[in-house]
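>>> coords please:
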Amino acid sequence: MAAWAVVLALAVVVVATASSSAGTSVIVFPIPGSRVAAPGTQVTFRGIPVGRFGRITVTGSMRGVHTGVVLSDSDGQGGSFVPIHPFTPGETVTVGTALRINDARHGMFSFTVASPAGAIPQVTPTSIPRPPATSGISRPGRI
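This is a model prediction of the structure:
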């Protein structure tokens, strides 16, 4: 009778382990609801190996379905969907998967691609005002 109890206990442990690993929460970036993703961003999934991702759909509000490749992270605990073409600034991107994503409903989440602000203007040394010369202050190279 004790042997049956041990076998039953082991079966319960195996089933519980399989259930908890199937329901593992996955962390994603950009985070669901983010509004600052760069046009060249990739969608990263962390917490499970790429082989357990299943089907992933990535759809933009302006471009439609985005095609790309999924690349594994070097530690084997995640990977990224890398789109073939960059996302369009201002579009909302919706990602669908069967994974249990943190802060997502039924494996679906969205993020918004930010519109880049443009180039930062270059400042030239001649445009920086010089302080007025005052007497009694030593200048570099003079004592």
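>>> Residue nearest the middle of this structure, spatially speaking?
Ranked by distance to the mean C-alpha position of the chain (Cα atoms, centre = their mean), the top residue is residue 29 at 1.9 Å.
>>> Surely that one is in contact with residue 44?
Yes. The criterion here is Cβ atoms under 8 Å, and residue 29 meets it with residue 44 at 4.5 Å. From N, CA and C alone the C-beta is placed, and that goes for glycine too.
>>> dump the residue contacts of the residue nearest to the centre of the chain.
By Cβ atoms under 8 Å, 6 or more residues apart in numbering, the residues touching residue 29 are 43-44, 46.
>>> try residue 83
42, 58, 66-68.
>>> Please indicate which of those are buried?
Burial by neighbour count, judged by 16 or more other Cβ atoms under 10 Å, picks out 42, 58, 66 from the contacts of residue 83.
>>> Just those residues: which are in helices?
Of the positions in the buried ones among the contacts of residue 83, not one sits in helices, assigned by DSSP state H.
>>> of those residues, closest to residue 74?
Distance ranking of those against residue 74, using Cβ to Cβ, places residue 42 first at 14.8 Å.
>>> re the thing from before, quick one, which of the contacts of residue 29 are buried?
Buried among the contacts of residue 29 (16+ other Cβ under 10 Å): 43-44.
>>> shouldn't residue 38 be in contact with residue 115?
No. Applying Cβ under 8 Å as the test, residue 38 and residue 115 come out as separate, 10.4 Å apart.
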